[in-house]
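K.L.:
Got a sequence here, can you build the structure:
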Amino acid sequence: IKRLSARYRVIAPDLPGFGSSSPLSTLSEYRWKSLVPLLLSVLDKEVVDRAVFLGHDWGGELVWRFPLYFPERVIGVGAVCTPYVPAREHFYSVEKMAKLHPRLGYQVFLKSDAAPIELDSNVSLIRAVTMRATTDEKECRFNSKLKGFKSSFLATVDPLL
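P.N.:
All right, here's what the predicted structure looks like:
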């Protein structure tokens, strides 16, 4: 953001529930049809007619959706870690997506009642693992309290070392 700001006007809104923003009231408000207009409202508030949209991870998915709804407001789109995926005709649950794409298994774990307890039990370990500094159990100092996280996340990550 800092480098881009030296040459361009950069607006970096917090998505609902991130940074300083409040979460949305209902799960259904997190559909792309609901989130895309939030970006439009940012453009309108900042008096921006057209823009280049850049996003990362779920923000990347959101910026790919924006031109489908408001192409006249888009100069270009780019995303980091999020390829464009056409909209699907049918809804797939997280559980079904994890079966189709095992690397998404950690998302099923994150929905479980055990996830907050396990994640809070060793924040520094979880951070190290999710940043993928290593996949070695001994080096990560896993203990029995982290079995759910280990099996749902690490088991789906290819060793990088």
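K.L.:
for the record, mean pLDDT for the top helix by length along the chain?
P.N.:
If you go by DSSP state H, the chain has its longest helix at helix 32-45. Mean pLDDT, helix 32-45: 94.
K.L.:
so what does it touch, helix or strand wise?
P.N.:
helix 58-69 (3 or more CB pairs under 8 Å, 6 or more residues apart in numbering; DSSP states H and E). In this view, the C-beta of every residue, glycine as well, is placed from N, C-alpha and C.
K.L.:
10 Å instead, please
P.N.:
Helix 32-45 sits against strand 51-56, helix 58-69, with contacts defined as 3 or more CB pairs under 10 Å, 6 or more residues apart in numbering; DSSP states H and E.
K.L.:
Now tabulate the ones you listed in CSV and tack on distance to Pro23 and mean neighbour count.
P.N.:
As requested, the helices and strands packed on helix 32-45 are exported to CSV (distance: least, CB to CB, whole Å; neighbours: other CB atoms under 10 Å):
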stretch, distance to Pro23, mean neighbour count
strand 51-56, 19, 18
helix 58-69, 14, 18
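K.L.:
Include distance to Arg7 when you put these into TSV, please.
P.N.:
As requested, the helices and strands packed on helix 32-45 are exported to TSV (distance: least, CB to CB, whole Å):
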stretch	distance to Arg7
strand 51-56	12
helix 58-69	20
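K.L.:
Let me have these in a markdown table, extended by mean pLDDT and distance to Phe18.
P.N.:
Formatted as a markdown table, the helices and strands packed on helix 32-45 follow (pLDDT from 0 to 100; distance: least, CB to CB, whole Å):
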| stretch | mean pLDDT | distance to Phe18 |
| --- | --- | --- |
| strand 51-56 | 95 | 11 |
| helix 58-69 | 93 | 9 |
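K.L.:
Give the bridge partners for Ala51, please.
P.N.:
Val74 (DSSP bridges).
K.L.:
For Ser21, see how far away it is.
P.N.:
Computed as CB to CB, to the nearest Å, the Ala51 to Ser21 distance reads 19 Å.
K.L.:
out of the helices and strands packed on helix 32-45, which comes closest to Val10?
P.N.:
Of all the helices and strands packed on helix 32-45, strand 51-56 sits nearest to Val10, with 8.9 Å by CB to CB.
K.L.:
could you check the distance from the residue nearest the centre of the chain over to Arg88?
P.N.:
With distances taken as CA atoms, centre = their mean, Trp58 lies nearest the centre of the chain, 3.2 Å away. As for Trp58, its distance to Arg88 is 16 Å (criterion: CB to CB).
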